[in-house]
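Colleague: Have a look; sequence and predicted model below, questions after that.
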Amino acid sequence: MDLIRAAISAGDRAALASVAVPDSYRAVVVRADEAEMFAGLSTKQKDPRKSLHVQEVPTPEVGPGEALVAVMASAINYNTVWTSIFEPVSTFGFLKRYGASSELAKKHDQPYHVVGSDLAGVVLKVGAGVSKWQVGDRVVAHCLSVELEDPQGHDDTMLDPQQRIWGFETNFGGLAELALVKSNQLMPKPEHLSWEEAAAPGLVNSTAYRQLVSHNGANMKQGDIVLIWGASGGLGGYATQFALNGGAIPVCIVSSPEKAELCRRMGAELIIDRSAENYQFWSDEHTQDPREWKRLGAKIRDLTGGEDPDIVFEHPGRETFGASVYVARRGGTIVTCASTSGYWHEFDNRYLWMSLKRIVGSHFANYRESWEANRLIAKGAIHPTLSNVYPLSETGQATYDVHRNLHQGKVGVLCLAEQEGQGVLDHEFRARHEQAINRFRGV
Ligand code: NAP
């Protein structure tokens, strides 16, 4: 790995091409024989520090259409929280099914799962049929893995029946020294950013772009009022930026004064601290309290001068969904990509149909949407929201922070990069955006 690291830091493509690909590499894994280790514990009690291990794994063969990337940095996504606590199901079922789907995919079915759905790094090897990318290219990867052998995915690749999230539903993810991707996951690294800054937006930036901006999601337009749950979190930090960048008006919901401050630093003005307001949307486990929905609606109108949200950016799920449907304006859109607090949602359907609202399901993003989201980062229109950065050996702690909601924005992980701040090539462009980058990083 030292030779690879040295060739990358010297920017020497020829040297990189001549390095023998190592037979094995360090990776963050969960193990199939530990899938029951948290049986009987509550979600909160399940500790990613116990289930995530850093271990040596064999380097997979690089098949047609694939690329092996030397990973300089990665980041934690909530999907790694789910994998590490084996909820709602163990991800080894995904690997088994994928492995059985084709000769090429067989290698994914292993007793270990290398996790992680973000990376910034350098292409180390490409498989047969790959011509767009070469050894030495500096890249980031989005996490959409598709086969595209069926017709359904050819209008929107997210509709491919063989659509999977790399590093969650496939093996050989980004929290490692090497990662295996399909070449159509690769995108150019924004060169004004360090490795860890470039890796961090990845999954959540693309997801928020489709969910909020794309015609496949809420199709936001200027002037729209956008209610954003978890507005300083992984998804929310980018949704807030897309709203501001696109001329919409975000109403940011967060749970602490520190998180409110981060939203303010991004440029948001309308902020609700849900902890200070102490909303109790559920009076007990089975019963919601519509008076609390109304209290939230009144607070939003207070802030907006009497207007209701055109779009509600949903992901907390069960706990907030009834309120989200209620507060959306007549004809408004509730766009959802997740159910962190529970996936059995309940809402009063009268508020949906009588007020002609729409619920739109959204999931990750296609290559084009991811490319656009990354392009906005490269142009300095959207900035990484990176807070803490951990070494690979402490990925368990990094994941624990996200599981326990102790973090802001994104939590980064250094893989082959030995320290923060490496990997910037375009210093002049960075200097122009340095203040904003630091503001969004909370420096
Ligand atoms: P995150 O960084 O943990 O941020 C989520 C934020 O939501 C938290 O910081 C918290 O902010 C807020 N929140 C959490 N529980 C809440 C509750 N019960 N009520 C109200 N607000 C709550 O996670 P993320 O990366 O944004 O991901 C959020 C969810 O989306 C996860 O379930 C993840 O798996 C899912 N996801 C799905 C996709 C997809 O493609 N379908 C992509 C990315 C993520 P405050 O405490 O400040 O309110």
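Modeller: Ah, there it is. Numbers count the residues shown, from 1 in each chain.

Colleague: secondary structure element for the closest residue in space to Gln110 that isn't next to it in sequence?
Modeller: Spatial nearest neighbour of Gln110, chain neighbours left out: Asn171 (5.9 Å); criterion: Cβ to Cβ, 6 or more residues apart in numbering. In this view, the C-beta of every residue, glycine as well, is placed from N, C-alpha and C. When elements are defined using DSSP states H and E, Asn171 is found to belong to no helix and no strand.

Colleague: Would you mind measuring from Asn171 to His142?
Modeller: In this structure, Asn171 and His142 are separated by 17 Å, where distance is defined by Cβ to Cβ, to the nearest Å.

Colleague: Same question for Gly202.
Modeller: 7 Å.

Colleague: same question, Val89
Modeller: Going from Val89 to His142 by Cβ to Cβ gives 24 Å.

Colleague: Compare those two (neighbour count), which wins?
Modeller: With other Cβ atoms under 10 Å as the criterion, Val89 and His142 differ in neighbour count, and His142 comes out ahead with 29 against 11.

Colleague: any idea which element Leu425 lies in?
Modeller: Per DSSP H and E: Leu425 is located in neither a helix nor a strand.

Colleague: need the contact list for it.
Modeller: Taking Cβ atoms under 8 Å, 6 or more residues apart in numbering as the contact definition, Leu425 lies against Arg138, Glu191, His192.

Colleague: Repeat that for Phe440.
Modeller: Gly237, Gln241, Arg265, Met266, His383, Pro384, Thr385, Leu386, Gly409.

Colleague: Dump the residues you listed to CSV, plus secondary structure and neighbour count.
Modeller: Shown next, in CSV, are the contacts of Phe440 (DSSP: H, G, I helix; E, B strand; the rest coil; neighbours: other Cβ atoms under 10 Å):
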residue, secondary structure, neighbour count
Gly237, helix, 32
Gln241, helix, 24
Arg265, helix, 15
Met266, helix, 23
His383, coil, 24
Pro384, coil, 25
Thr385, coil, 26
Leu386, strand, 28
Gly409, coil, 27
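
Colleague: residue boundaries of the strands in the stretch 51-200 of the chain?
Modeller: Remark: strands assigned in the stretch 51-200 of the chain by DSSP state E, counting those that start in this stretch are 53-58, 66-75, 112-114, 119-126, 138-141, 144-145, 164-165, 178-182, 186-188.

Colleague: so which of those strands gets nearest Arg31?
Modeller: Of all those, the one in closest proximity to Arg31, counting by Cβ to Cβ, is strand 112-114 (5.5 Å).

Colleague: any idea how far Leu262 is from the nearest residue to Gly409 once chain neighbours are set aside?
Modeller: When the adjacent residues along the chain are set aside, Gly409 lies closest to Thr385, with 3.1 Å between them (Cβ to Cβ, 6+ apart). Between Thr385 and Leu262 the distance is 8 Å, computed by Cβ to Cβ.

Colleague: Need the overlap of contacts for the two.
Modeller: When contacts are counted by Cβ under 8 Å, 6+ apart, Thr385 and Leu262 have Ser232, Gly237, Gln408, Gly409 as shared neighbours.

Colleague: Of those, which is the nearest to the ligand?
Modeller: Taking Cβ to the nearest ligand atom as the measure, the ligand sits nearest to Ser232 out of the shared contacts of Thr385 and Leu262, at 5.7 Å.

Colleague: Show me which positions of the worst-scoring helix or strand of the chain on mean pLDDT end up buried.
Modeller: Ranked by mean pLDDT, DSSP states H and E, the weakest helix or strand in the chain is helix 427-441, scoring a mean of 92. By neighbour count with 16 or more other Cβ atoms under 10 Å, helix 427-441 contains the buried residues Phe429, Arg430, His433, Ala436, Ile437, Phe440, Arg441.
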